[in-house]
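**Student:** Build the 3D model from these lines:
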Amino acid sequence: MLISHEICWILLLLLLQCGSLAVAILNPIDFLALQSVRKALDDMPGSNYLSSWDFTSDPCNFAGLYCDGDKVVTLNLGDPRAGSPGLIGRIDPAIGDLSGLAELTIVPGRIIGELPSSMSKLTNLRFLGISRNFISGQIPESLGQLKELRTLDLSYNQLTGKIPATIGALPALSNVILCHNHLSGSVPKFSSKTLTRLDLKRNDLSGPLSSDSLPESIQYLSLSWNRLEGPVDKLLTGLPILNYIDLSLNRFTGYIPPIIFTFPITTLQLQRNQFTGPVKPASQVTISTVDLSFNRLYGEIPALFSTVQNLYLNNNRFTGQVPGSFVDGILTANIQVLYLQHNYLTGIEIKPAAEIPVSSSLCLQYNCMVPPVQTPCPLKSGKEKTRPTTQCIEWRG
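**Tutor:** Down below sits the predicted model:
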């Protein structure tokens with residue numbers, strides 16, 4: 001609601017005449033905006049967050065609200081304590097009148113409706129976090145006017161449509177968390193040189209990623225459970241300080257760049273894509289968990305993987321012998337998971353009487369060999385021990 005300054009000051013004088021001296025601390029426009037915000041919200045059962053919002057007292061003493069001078073600068077809607085109930089209702093467009101707002105959060109609850117376009121007026125906003133609610137509609141392109149925005153967290157909602165290019169162009173972004181929505185279209189180019197975290201998993205994003213889609217400042221990258229496609233070797237080569245990466249369950253193609261095995265990460269998740277070619281780490285791999293399963297990788301298995309604690313290479317097209325260093329790793333329990341099922345492997349040098357530690361899992365089913373040891377495999381690996389001879393001959397040919 002747009003209110004002239006003259007009317008606001010008349011309202012303020014009336015409040016003073018009524019004896020509500022405490023209210024006079026807050027800017028009248030902020031005061032009226034807070035009233036509108038309050039009317040659009042209610043406590044969920046078990047919550048008493050809004051009980052302190054008594055407008056006969058100073059709003060700067062309301063729960064979750066902080067002021068600087070006569071302006072509201074922080075608004076944390078709902079009780080932030082873990083496990084407490086949230087709020088129900090909608091975000092009133094009047095929230096855009098809180099011109100001094102630098103931080104806006106809404107705790108998990110049942111907030112519905114769209115993000116009001118009036119939020120684009122919050123040009124001082126640095127932190128916007130509205131996660132685990134039921135926000136729907138599209139992300140307003142006008143949020144691209146929030147040039148001071150550092151963190152944008154709209155995860156676990158029901159947002160649809162594209163990620164606006166205006167969001168990618170925000171110059172000060174550090175964290176973008178839009179996972180678990182229904183967003184579609186392509187991933188826009190992110191130009192912020194301070195962007196460290198990008199989480200877009202579990203959406204419906206599609207199309208390729210260009211080599212300059214992301215700044216080299218990225219440290220956390222999660223794009224899993226989308227329909228993204230095309231090669232990523234040039235993109236990943238330009239992200240030298242990644243410490244978390246999950247590209248699983250997409251349609252990425254091409255080679256896996258050797259540099260990815262040198263990143264300071266604990267888990268590498270590239271499973272269920274369409275990566276192809278041989279895998280060639282440049283040095284001994286020190287990543288704890290590497291999952292390259294369900295791709296189209298071929299060639300021999302690199303011995304440089306023998307230091308990986310949990311290795312998933314199943315459902316590919318690997319050939320040749322399993323490196324002897326893998327056997328040593330399994331028998332000493334240094335390798336805890338070694339899934340090699342559904343490949344074209346021809347042998348492994350392990351004695352049938354070898355005792356595999358209880359803490360280790362080895363699966364060799366459906367290769368071009370009879371598994372020399374009987375070990376439990378995942379139920380989804382099927383009951384067939386070996387590949388049909390015709391398939392093995394065709395693949396060698």
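**Student:** And the helices in the stretch 1-150 of the chain, which stretches?
**Tutor:** Secondary structure of the stretch 1-150 of the chain, counting by DSSP state H, counting those that start in this stretch: helices at 5-17, 28-39.
**Student:** Let me fix that, I meant to ask about the stretch 151-300 of the chain.
**Tutor:** When secondary structure is read from DSSP H, counting those that start in this stretch, the stretch 151-300 of the chain shows helices at 165-168, 233-237.
**Student:** between these, which gets nearest to Thr151?
**Tutor:** Judged by CB to CB, the one of these that comes nearest to Thr151 is helix 165-168, at 12.3 Å. Every C-beta, even on glycine, is put in place using the N, C-alpha and C of the backbone.
**Student:** List the contacts of that closest one.
**Tutor:** If you take CB atoms under 8 Å, 6 or more residues apart in numbering as the criterion, helix 165-168 is touched by 139, 141-145, 152, 173, 176, 188-191.
**Student:** Give me the buried positions along that helix.
**Tutor:** If you call a residue buried by 16 or more other CB atoms under 10 Å, then helix 165-168 has these buried ones: 166-168.
**Student:** likewise stretch 275-285?
**Tutor:** With the criterion 16+ other CB under 10 Å, stretch 275-285 contains buried residues 275-276, 279, 281, 285.
**Student:** So which of the residues you listed is the closest to Thr307?
**Tutor:** Of all the buried residues of stretch 275-285, Thr307 sits closest to Val285, with 6.0 Å by CB to CB.
**Student:** contact partners of the helix or strand encompassing Leu362?
**Tutor:** For Leu362, the element it lies in under DSSP states H and E is strand 361-363. By CB under 8 Å, 6+ apart, the residues outside strand 361-363 that reach it are 314, 330, 336-341, 356, 373, 375-378, 381.
**Student:** switch the cut-off to 6 Å
**Tutor:** With contact meaning CB atoms under 6 Å, 6 or more residues apart in numbering, strand 361-363 is reached by 330, 337-339, 341, 356, 375, 377, 381.
**Student:** Go through those and single out the one with the most neighbours.
**Tutor:** Highest neighbour count within the contacts of strand 361-363: Leu338, with 27 neighbours (other CB atoms under 10 Å).
**Student:** pretty sure it contacts Leu311?
**Tutor:** Yes. Under the contact definition of CB atoms under 6 Å, Leu338 touches Leu311, with a separation of 5.5 Å.
**Student:** what separates stretch 49-65 from the chain centre, distance-wise?
**Tutor:** Shown here is stretch 49-65, whose average C-alpha point lies 34 Å from the average C-alpha point of the whole chain (CA atoms, centre = their mean, to the nearest Å).
**Student:** Ok, stretch 99-110 next?
**Tutor:** In terms of CA atoms, centre = their mean, the centre of stretch 99-110 is set 20 Å apart from its chain centre.
**Student:** Pull out the CA atoms of stretch 108-117 and give them to me as CSV.
**Tutor:** These are the backbone C-alpha positions of stretch 108-117, laid out as CSV (Å, rounded to 0.1, in the frame of the first residue of the first chain):
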residue,chain,number,x,y,z
PRO,A,108,9.4,-23.6,7.8
GLY,A,109,5.6,-23.6,7.9
ARG,A,110,2.6,-23.4,5.6
ILE,A,111,3.0,-20.0,3.9
ILE,A,112,1.2,-20.2,0.5
GLY,A,113,0.9,-17.9,-2.5
GLU,A,114,3.4,-16.2,-4.7
LEU,A,115,6.3,-14.0,-3.8
PRO,A,116,5.0,-10.4,-4.1
SER,A,117,6.7,-8.4,-6.8
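**Student:** and Asp153, how many neighbours?
**Tutor:** When neighbours are counted by other CB under 10 Å, Asp153 registers 19.
**Student:** can you give me the strands in the stretch 251-397 of the chain?
**Tutor:** Read by DSSP state E, counting those that start in this stretch, the stretch 251-397 of the chain holds these strands, from start to end of the chain: 251-254, 267-269, 274-277, 289-291, 296-300, 310-312, 317-322, 337-339, 344-348, 361-363.
**Student:** Go through those strands and name the closest to Thr386.
**Tutor:** Thr386 lies closest, by CB to CB, to one member of the strands of the stretch 251-397 of the chain: strand 344-348, at 10.5 Å.
**Student:** quick one: contacts of that closest one?
**Tutor:** 319, 321-322, 367-369, 395.
**Student:** between those residues, which is nearest Arg227?
**Tutor:** Trp395 (28.9 Å).
**Student:** quick one: the closest one and Ile301, what's the gap?
**Tutor:** Relative to Ile301, Trp395 is positioned 15 Å away (CB to CB, to the nearest Å).
**Student:** neighbour count winner among the two?
**Tutor:** Under the criterion of other CB under 10 Å, the comparison of Trp395 against Ile301 puts Ile301 first, with 23 against 14.
**Student:** contacting residues around the more buried one?
**Tutor:** If you count contacts by CB under 6 Å, 6+ apart, Ile301 has them with Phe318.
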